[in-house]
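[1] pasting the sequence and the predicted model now:
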Amino acid sequence: MEAFDALYRQYFMLVVTVIRGRVSDLEEAEDLGMAVFELAWTRLSHGETVGRPWLYRCARNVVGNEYGTAARINMGLLQR
């Protein structure tokens, strides 16, 4: 899909940089960036649009979801 290729080339490093500002590990930021682009792929494949504002919002949500999951896991470990 050409639209996805262009989007990825143009914005992947920007998305990773934004995420990197919120997480401490570059590898984790890259993994979360890939999660953002997996969602972008799905959205584009359904004929929906994806632009820079959507990518920022999605990155913020992906990071928030990751922190929420980690917090729930840590709480579960602490309660045992």
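    Nice, I can see it. Numbering: from 1, shown residues only.
[2] which SS state does residue 23 fall under?
    State at residue 23, reduced to three classes by DSSP: H, G, I helix; E, B strand; the rest coil: coil.
[3] just give the nearest non-adjacent residue to it, would you?
    Nearest residue to residue 23, sequence neighbours excluded (C-beta to C-beta, 6 or more residues apart in numbering): residue 29, at 5.2 Å. Bear in mind the C-beta positions are built from the backbone N, C-alpha and C, glycine included.
[4] so for the helix or strand that neighbour falls within, mean pLDDT?
    Using DSSP states H and E, residue 29 falls within helix 26-45. Mean pLDDT, helix 26-45: 96.
[5] just checking, what packs against it?
    Under the contact criterion of 3 or more C-beta pairs under 8 Å, 6 or more residues apart in numbering; DSSP states H and E, helix 26-45 touches helix 2-20, helix 52-79.
[6] which parts of it are buried?
    Buried residues in helix 26-45, counted by 16 or more other C-beta atoms under 10 Å: 29-30, 32-33, 35-37, 39-41, 44.
[7] residue 2: which of these is nearest?
    Closest approach between these and residue 2, by C-beta to C-beta: residue 44, at 10.1 Å.
[8] alright, that wraps it up for me.
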